[in-house]
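Novice: structure for the following, please:
(chains A and B)
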Amino acid sequence: MASDAQYTSASEEFWSGVRDEIPLMLGVIPFGMVFGVLGVEVGLDPVTIMAMSIIIFGGASQVVFAQMVSAGAAGMVIAGTVGIINLRHALYSATFTTYISSLPMRWRVVISYLLTDEGFFVSLVRFQTKPYSPNMYFHMVGTGLVLWVCWQAATLAGIVVGELIPPSLNLGFAIPLTFMAITVPQITSIPPLVAVITGGVVAILGQSLPWNIWVIAAALAGMTAGYLAEIVLRRNKATS
Amino acid sequence: MSGMDTELLGGLWGGPWGGLWGVILASGLLTFAARFSMIGIFHDRELPELIKRLLAYVAPAALSAIILPDILLVEGDITFTGNAQIPAFILAAVVAYFSRNVMATITTGMIALWVIESLF
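Specialist: Have a look, this model is predicted:
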């Protein structure tokens, strides 16, 4: 008994994940509704829109997907863009494994499926600031599940009652706000700032690029610029 | 498959991956592959340093690439005048920077947008 008590239990971790995730729903629920509304506007049927939320489960990439449908982009470019936008999850995936080493495969699958910006960054704070527990991956199950349930419910609500939402509420603004709230804490030094600025500028300038490849171009340019800035800074430090 | 999808397929979904469901499945697969890559497959291996350094900037670059056009572009053109989203966004960014609080950031941004739009 005493040996178990030194670590937080799976259910304690799970519920603390649930509690920690709830504040983000303020942004995620309008976000999901906006996606549902957008899907209907673009001409997708409800089953397809729900399938996107369940199969892709990546808010920003789903919104871009729907926008690209209305822009008439080719299927391959759309899938490629979703892939690039969500490539950042490979980093979250790598970061996660530095905190959790042994885990049954079924939980690896579940946690991978639930891995998102809004869940990961909340659980990362727990991994970094609270004592280690072999059960702490349940924190991520908690954050991920809250997000999943709310995302599906919000998508459905957007599809069903979307037209009742007055456009003057500008709920769509919750999307950039949610991502900004996640991005700003990542800007802790010059290189990520360079990545943010480059990504944003290339996205704006690249709007007229063919095949709607502006997201891919901006992400690649931003990540390269951030990396180069890191090298230059390191070299300057070494020579000074 | 519904008539609407078939219409979209015919009009928009050219290329070798034709089919809306095919594109959704491919998108889901690519997304899951990124998420599963290290957790599920390479968890006992260390990523090459270069890849790790590059990946560190995917999140800020991609998120910013999605955010900025959303804020600045109105019907496809960069619009600064009469775009209430810009001051509301800047105010929310200041709150985000100092508070690091998601709820405070979103609340500030939305309320600022409503107030500015009702004033002008």
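Novice: for chain B, what's the nearest residue on chain A?
Specialist: A:Gly222 (2.5 Å; C-beta to the nearest C-beta). All C-beta spots, glycine's among them, are computed from the backbone N, C-alpha and C.
Novice: what about that residue, neighbour count?
Specialist: 30 (other C-beta atoms under 10 Å in any protein chain shown).
Novice: show the average pLDDT along stretch A:120-132.
Specialist: Here stretch A:120-132 scores 87 as its mean pLDDT.
Novice: so how far is A:Ala10 from the residue of chain A closest to chain B?
Specialist: According to C-beta to C-beta, to the nearest Å, A:Gly222 and A:Ala10 sit 38 Å apart.
Novice: what of A:Leu91?
Specialist: 26 Å.
Novice: cool, and B:Phe80?
Specialist: 51 Å.
Novice: near residue 98, how many other residues are there?
Specialist: This is for chain A. A:Thr98, neighbours per other C-beta under 10 Å, totals 11.
Novice: other chain: chain B
Specialist: With other C-beta under 10 Å as criterion, B:Phe98 counts 11.
Novice: check A:Met50 too.
Specialist: Neighbour tally, A:Met50, other C-beta under 10 Å: 17.
Novice: list the contacts of B:Leu55.
Specialist: Shown in contact with B:Leu55 (C-beta atoms under 8 Å, 6 or more residues apart in numbering or on different chains): A:Leu87, A:Arg88, A:Ala90, A:Leu91, A:Ala94, A:Met223, B:Leu47.
Novice: now, the residues you listed that are in helices?
Specialist: A:Arg88, A:Ala90, A:Leu91, A:Ala94, A:Met223 (DSSP state H).
Novice: look up the closest residue to the residue of chain B found nearest chain A, ignoring the ones flanking it.
Specialist: Chain B approaches chain A most closely through B:Ala61 (2.5 Å), counting by C-beta to the nearest C-beta. Leaving aside its chain neighbours, B:Ala61 sits nearest to A:Gly222 (2.5 Å; criterion: C-beta to C-beta, 6 or more residues apart in numbering or on different chains).
Novice: helices along chain B, start to end?
Specialist: Under DSSP H, chain B gives helices at B:3-12, B:20-36, B:49-55, B:58-72, B:85-99, B:102-119.
Novice: same check on chain A?
Specialist: A:2-5, A:10-21, A:25-42, A:46-55, A:59-71, A:75-85, A:88-99, A:105-113, A:117-129, A:137-161, A:174-183, A:190-205, A:214-239.
Novice: reformat those helices as CSV; add distance to B:Ala84.
Specialist: Output for these, formatted as CSV (distance: least, C-beta to C-beta, whole Å):
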stretch, distance to B:Ala84
helix A:2-5, 54
helix A:10-21, 30
helix A:25-42, 17
helix A:46-55, 29
helix A:59-71, 21
helix A:75-85, 27
helix A:88-99, 30
helix A:105-113, 38
helix A:117-129, 25
helix A:137-161, 23
helix A:174-183, 13
helix A:190-205, 19
helix A:214-239, 24
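Novice: so which of those helices is the most packed in?
Specialist: Among the helices of chain A, ranked by average contacts under mean count of other C-beta atoms under 10 Å in any protein chain shown, first place goes to helix A:174-183 (a mean of 25).
Novice: packing partners for that helix?
Specialist: helix A:25-42, helix A:59-71, helix A:117-129, helix B:58-72, helix B:85-99, helix B:102-119 (3 or more C-beta pairs under 8 Å, 6 or more residues apart in numbering or on different chains; DSSP states H and E).
Novice: what residue of chain B is the furthest out?
Specialist: In chain B, the greatest distance from the average C-alpha position (C-alpha atoms, centre = their mean) is reached by B:Asp44, at 30.6 Å.
Novice: list the contacts of stretch A:141-155.
Specialist: Contacts for stretch A:141-155 (C-beta under 8 Å, 6+ apart): A:13-22, A:24-25, A:28-33, A:35-36, A:39, A:49-50, A:53-54, A:57, A:59, A:107, A:110-111, A:113-116, A:118-120, A:122-123.
Novice: and it, how far out from the chain's middle?
Specialist: Relative to the centre of its chain, stretch A:141-155 is centred 12 Å away, using C-alpha atoms, centre = their mean, to the nearest Å.
Novice: outline the domain layout of the chain.
Specialist: This is for chain A. Annotated domains of chain A cover A:2-184, A:187-240 [automatic domain parsing].
Novice: actually it's chain B I care about, not the one you picked
Specialist: B:18-45, B:57-120.
Novice: in TSV, list these along with mean pLDDT.
Specialist: Converted to TSV, these look like this (pLDDT from 0 to 100):
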stretch	mean pLDDT
domain B:18-45	89
domain B:57-120	90
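Novice: so which of those gets nearest A:Ala195?
Specialist: Closest approach to A:Ala195 among these (C-beta to C-beta): domain B:57-120, 4.0 Å.
Novice: ends of the closest one, what's the gap?
Specialist: 38 Å (C-alpha to C-alpha, to the nearest Å).
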